[in-house]
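Participant: could you look at this predicted model? Sequence included:
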Amino acid sequence: MPSSSLNHDNIYNPIAHPTSTTIYTVTVTNGVCINTNTVTVFVKPTPTIAVNPTYSLVTQGESIFIHANASDTCFWSPSDYLNCTTCNTTTCTPDADITYTITTTNSQGCSTIATATVDIQLEYTFYIPNTFTPNKDETNEIFKPLATHIHNFKMDIFDRWGLLLFETTNLDNGWDGTYKGGRCQEDVYVYKVMFVDDPSNKTHTKAGTVNIVR
């Protein structure tokens, strides 16, 4: 155990910052007489913690293991998307970006914290059918794309001679197979779709044909 001497003139309450338990010797003198005493400052050990990985990028619905290498039990906060909040290794299946604080506390009441961040990597999806059946049977009545994580959507529908039959900028507003209130005949129609995907902010143009079957 190391020892040290506190020889600070006229300082009655010196402050010590030892990194390990240390015995200090205090000397008091009035110029003639000398008196000494000792004081021991006990330093409690601080627990260590190392988290791996500290940053993760996952797709939505994907799970990831996060491990906290610590000699004592860990507590994870918040508890969102975790399968265990008191385990050294836990599984995270996030629905949104999140940062966890991991705290480990030893038997002497000393704590250490670390953090781990998990971000969602957005991926856009886009699907457009090639046939629909607007025949009032309440099945497959509307022609529209199925998409996620896109914006600035626009869709135009033309007949085979290039006449614009339908247009929309609302992804939920599909074509019902009519033009000016009249039913379009069974035939092949042309669509043109434009949109911007959220992850890369890139503009996409898609064109193709759709069949009306009644």
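Facilitator: Received, thanks. Owing to the predicted nature of the structure, the values given are computational and were not obtained by experimental measurement. Numbering: from 1, shown residues only.
Participant: how close does the residue of the chain most remote from its centre get to Thr178?
Facilitator: No residue in the chain sits farther from the centre than Val32, which is 69.9 Å out by CA atoms, centre = their mean. Noted for Val32: a distance of 113 Å to Thr178, by CB to CB, to the nearest Å. Quick note: C-beta positions are derived from backbone N, CA and C, even for glycine.
Participant: repeat for Tyr127
Facilitator: Distance from Tyr127 to Thr178, counting by CB to CB: 23 Å.
Participant: ok, Pro129 next?
Facilitator: Here Pro129 is placed at a distance of 18 Å from Thr178 (CB to CB).
Participant: same question for Ala50.
Facilitator: Computed with CB to CB, the distance linking Ala50 and Thr178 is 64 Å.
Participant: Phe153 touches Asp197, doesn't it?
Facilitator: No - under the criterion of CB atoms under 8 Å, Phe153 lies out of contact with Asp197, with a separation of 10.6 Å.
Participant: returning to what we had before: quick one, which of Tyr127 and Thr178 is more surrounded?
Facilitator: Under the criterion of other CB atoms under 10 Å, the comparison of Tyr127 against Thr178 puts Thr178 first, with 12 against 8.
Participant: now do the buried residues in stretch 201-211.
Facilitator: Taking 16 or more other CB atoms under 10 Å as the neighbour-count basis, stretch 201-211 is seen to contain the buried residues Val210.
Participant: so how far is that stretch off the chain centroid?
Facilitator: Mean C-alpha position of stretch 201-211 versus that of the full chain (CA atoms, centre = their mean, to the nearest Å) differs by 30 Å.
Participant: and it, average pLDDT?
Facilitator: For stretch 201-211, mean pLDDT rounds to 97.
Participant: hey, C-alpha coordinates of that stretch in CSV?
Facilitator: Listed next in CSV are the C-alpha coordinates belonging to stretch 201-211 (Å, rounded to 0.1, in the frame of the first residue of the first chain):
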residue,chain,number,x,y,z
ASN,A,201,-33.1,10.3,-52.4
LYS,A,202,-32.7,8.9,-55.9
THR,A,203,-35.4,9.5,-58.6
HIS,A,204,-36.8,6.3,-60.2
THR,A,205,-38.9,6.1,-63.4
LYS,A,206,-40.7,2.9,-64.3
ALA,A,207,-42.9,2.2,-67.3
GLY,A,208,-44.8,-0.9,-68.3
THR,A,209,-48.2,-2.4,-69.2
VAL,A,210,-51.2,-3.5,-67.2
ASN,A,211,-54.1,-5.8,-68.4
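Participant: give me the residues contacting it.
Facilitator: When contacts are defined by CB atoms under 8 Å, 6 or more residues apart in numbering, stretch 201-211 is touched by residues 126, 128-132, 143, 152, 157, 186-197.
Participant: kindly report the same for stretch 93-100.
Facilitator: Residues external to stretch 93-100 that are found in contact with it (CB under 8 Å, 6+ apart): 58, 60-64, 66, 76-78, 80-83, 92, 115-120.
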